[in-house]
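Trainee: Any chance you could fold what I've pasted below:
(2 chains)
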Protein chains: 2
Amino acid sequence: MKKIESVNNQYIKDLYKLHEKKYRDISKKFLVEGEHLVIEAYKTGYLDTILISDSKYSFPGVECIYVTEEIIKKLAHTKTPQKIIGVCKYLNFKTSKTESKFLLLDDIQDPGNLGTLVRSSLGFNIDRIYLSKESVDIYNDKFLRSSGGAVFHTPIEVVDLYEKIIDLKNRGIEIFVTAVDGGVLLEDIKTNDNYAIILGNEGSGVKSELFALTTKNIYIKTNPKLESLNVAIAGSIILYYLNSKKS
Amino acid sequence: MKKIESVNNQYIKDLYKLHEKKYRDISKKFLVEGEHLVIEAYKTGYLDTILISDSKYSFPGVECIYVTEEIIKKLAHTKTPQKIIGVCKYLNFKTSKTESKFLLLDDIQDPGNLGTLVRSSLGFNIDRIYLSKESVDIYNDKFLRSSGGAVFHTPIEVVDLYEKIIDLKNRGIEIFVTAVDGGVLLEDIKTNDNYAIILGNEGSGVKSELFALTTKNIYIKTNPKLESLNVAIAGSIILYYLNSKKS
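Mentor: Below you'll find the model as predicted:
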């Protein structure tokens, strides 16, 4: 097995640069840390190379490099990383013509919220997530960890949301949006299996030009003392509810 | 108005110590930052003193100290804080005999998850949250910010969960727990308005001695590709669902 023992090794230095989006975008590669994410990347074919400081790991068919714990620590974001880092290829999901359930995210900024929404989308059978260009980067380390590996199973794509909504409407997809006031109570929503749900930025909500394109406004009844639900919670409740009606 | 201009002022140094739990527990005070949290503390009677570096704020009946931006930055946890810090008294909620809906949290560690669950509890009419002693501190800054002020409206109490569950069962409260496998599908749960839901630690779930006391195991149907929902999501979906059935 190949071994690297210096944090100053050029390959390690190049991998370290993948902490920055601009270098990720050039090489089309990103890092994941910890056993769970590396296994999910391996199972889905995105794992390119692994670096380990513990020989208990084995991933047949993938280049494996034995490194020091110092190197793992340099490449990891967590304070006490597991002894495994994966170098992954950028995600690339094929489009299927049968896709009919979508989540549209308009400038979600918090990587934890995005990670949670990707998990919930996988859990509640969303076919594809469309992200606006100003959203948090999908190769952001905190996002990847909070997605819990769901990111490797859920088609996710950065698009111009305005154009995408027009396109979806032309294909007969209903466009739902959440609103704090007014709208149809979630439990009264009637829908077939063709819908897209737009969720907005944590502070400013859904942009008005996108809001104007929606076909239905969903309202989750809450105690008036609460100003608003967290966006990942509101979104996940809607995903749960619409999925439970179909099953 | 009283003014303090030095970060080395003894009062400011004492407030800075409130970043540590042991000093909070001695003085029974904690800090909140930002307009929104300070307003919620004010409305609910927990605001003791405010420190501002911008004279636009006014809170009649509460001592207000004008400070420098450097002092605000020293006391705040965020990188670009708003120009307002509140010194609050420890929370103290009266018990009401009509309480019948509870959320029990067994060693929740992530302050963001706890904050989100407090918001959802307020939104979906939980009467009281009981936290195990090993849970994240309810005066943790990140928790307070993610609760969005809901913490001032939702009775929350640190208890011995084992004893509390026995007590609740003796009062005729049903004890629900979530489980990844088995159990009753959420949509098939029948209950009256007397229930407690236990959610477990992010990594290890609900402790076995508590699990053994539960009366029903709730299951949220998800795509088998998903290992598990985030605990705050699973909990909030259950809170939403049980609340929507009653309303």
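Trainee: any bit of the biggest helix by length in chain A sitting next to chain B?
Mentor: Secondary structure of chain A per DSSP state H: the longest helix is helix A:231-246. Yes - judged by Cβ under 8 Å from any Cβ of the partner chain, helix A:231-246 and chain B are in contact via A:232-233, A:236-237, A:240-241, A:243-244. C-beta coordinates here come from the backbone N, C-alpha and C atoms, glycine included.
Trainee: Pull out the buried positions in that helix.
Mentor: A:231-244 (16 or more other Cβ atoms under 10 Å in any protein chain shown).
Trainee: In CSV, list the C-alpha atoms belonging to it.
Mentor: Extracted in CSV, the C-alpha atoms of helix A:231-246 (Å, rounded to 0.1, in the frame of the first residue of the first chain):
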residue,chain,number,x,y,z
VAL,A,231,-37.3,26.0,7.6
ALA,A,232,-35.9,22.5,7.6
ILE,A,233,-38.7,21.5,10.0
ALA,A,234,-41.5,23.1,8.0
GLY,A,235,-40.2,21.6,4.8
SER,A,236,-39.8,18.1,6.4
ILE,A,237,-43.3,18.1,7.8
ILE,A,238,-44.7,18.9,4.4
LEU,A,239,-42.6,16.2,2.7
TYR,A,240,-43.7,13.7,5.4
TYR,A,241,-47.3,14.6,5.1
LEU,A,242,-47.5,14.5,1.3
ASN,A,243,-45.6,11.2,1.2
SER,A,244,-47.7,9.6,3.9
LYS,A,245,-50.9,10.4,1.9
LYS,A,246,-49.5,8.5,-1.1
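Trainee: Tell me the helices and strands packed up against that helix.
Mentor: Counting contacts by 3 or more Cβ pairs under 8 Å, 6 or more residues apart in numbering or on different chains; DSSP states H and E, helix A:231-246 packs against strand A:101-106, helix A:111-123, strand A:174-178, strand A:195-200, helix B:111-123, helix B:231-246.
Trainee: Those: which one's closest to B:L213?
Mentor: Nearest of the helices and strands packed on helix A:231-246 to B:L213, taken as Cβ to Cβ: helix B:231-246 at 17.8 Å.
Trainee: What distance do you get for A:E187 to chain B?
Mentor: Separation of A:E187 from chain B (Cβ to the nearest Cβ, to the nearest Å): 6 Å.
Trainee: pretty sure that residue contacts A:Y241?
Mentor: Yes - counting by Cβ atoms under 8 Å, A:Y241 is a contact partner of A:E187 at 7.5 Å.
Trainee: a markdown table for the residues of helix A:231-246 next to chain B, including pLDDT?
Mentor: Output for the residues of helix A:231-246 next to chain B, formatted as a markdown table (pLDDT from 0 to 100):
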| residue | pLDDT |
| --- | --- |
| A:A232 | 96 |
| A:I233 | 96 |
| A:S236 | 98 |
| A:I237 | 98 |
| A:Y240 | 97 |
| A:Y241 | 96 |
| A:N243 | 95 |
| A:S244 | 92 |
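Trainee: Quick check: of the residues you listed, which lies closest to A:G45?
Mentor: A:G45 has its nearest neighbour among these in A:N243, at 26.7 Å by Cβ to Cβ.
Trainee: mind listing what the closest one touches?
Mentor: The neighbours of A:N243, taking Cβ atoms under 8 Å, 6 or more residues apart in numbering or on different chains as the test, are A:124-125, B:221.
Trainee: go on, A:I237?
Mentor: Applying Cβ under 8 Å, 6+ apart to A:I237 gives the contacts A:186, A:220, A:229, B:236-237, B:240.
Trainee: Give me the local confidence score for A:V180.
Mentor: At A:V180 the predicted local confidence, pLDDT, stands at 66.
Trainee: returning to what we had before: of the residues of helix A:231-246 next to chain B, just say which sits nearest to B:V32.
Mentor: For these, the closest approach to B:V32 (Cβ to Cβ) belongs to A:I233, at 21.7 Å.
Trainee: and the closest one, what is it in contact with?
Mentor: So A:I233 contacts B:116, B:119-120, B:232-233, B:236 (Cβ under 8 Å, 6+ apart).
Trainee: Could you report the neighbour count for A:K79?
Mentor: A:K79 has 6 neighbours, counted by other Cβ atoms under 10 Å in any protein chain shown.
Trainee: you'd agree it is in a helix?
Mentor: No - the assignment for A:K79, made by DSSP: H, G, I helix; E, B strand; the rest coil, is coil rather than a helix.
Trainee: confidence score at it?
Mentor: 86.
Trainee: how about the helices in chain A?
Mentor: Under DSSP H, chain A gives helices at A:10-16, A:21-27, A:35-43, A:69-75, A:111-123, A:141-147, A:161-170, A:208-211, A:231-246.
Trainee: I'd like the average pLDDT over stretch A:37-46.
Mentor: The average pLDDT for stretch A:37-46 rounds to 95.
Trainee: List the buried residues for it?
Mentor: Quick answer for stretch A:37-46 (16+ other Cβ under 10 Å): A:37-42, A:46.
Trainee: As JSON lines, those with distance to A:T68 would be great.
Mentor: Below are these laid out as JSON lines (distance: Cβ to Cβ, whole Å):
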{"residue": "A:L37", "distance to A:T68": "21"}
{"residue": "A:V38", "distance to A:T68": "18"}
{"residue": "A:I39", "distance to A:T68": "22"}
{"residue": "A:E40", "distance to A:T68": "25"}
{"residue": "A:A41", "distance to A:T68": "22"}
{"residue": "A:Y42", "distance to A:T68": "22"}
{"residue": "A:Y46", "distance to A:T68": "25"}
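Trainee: So is stretch A:189-207 next to chain B?
Mentor: No - Stretch A:189-207 is not in contact with chain B by Cβ under 8 Å from any Cβ; minimum separation 10.3 Å.
Trainee: Give the rounded mean pLDDT of that stretch.
Mentor: 91.
Trainee: still on that earlier bit, hey, which of the helices of chain A is tucked in deepest?
Mentor: Stretch with highest mean neighbour count among these: helix A:111-123 (a mean of 27; mean count of other Cβ atoms under 10 Å in any protein chain shown).
Trainee: That one to helix A:231-246, inter-axis angle?
Mentor: 10 degrees (axes from the mean of the first three to the mean of the last three Cα atoms, to 10 degrees).
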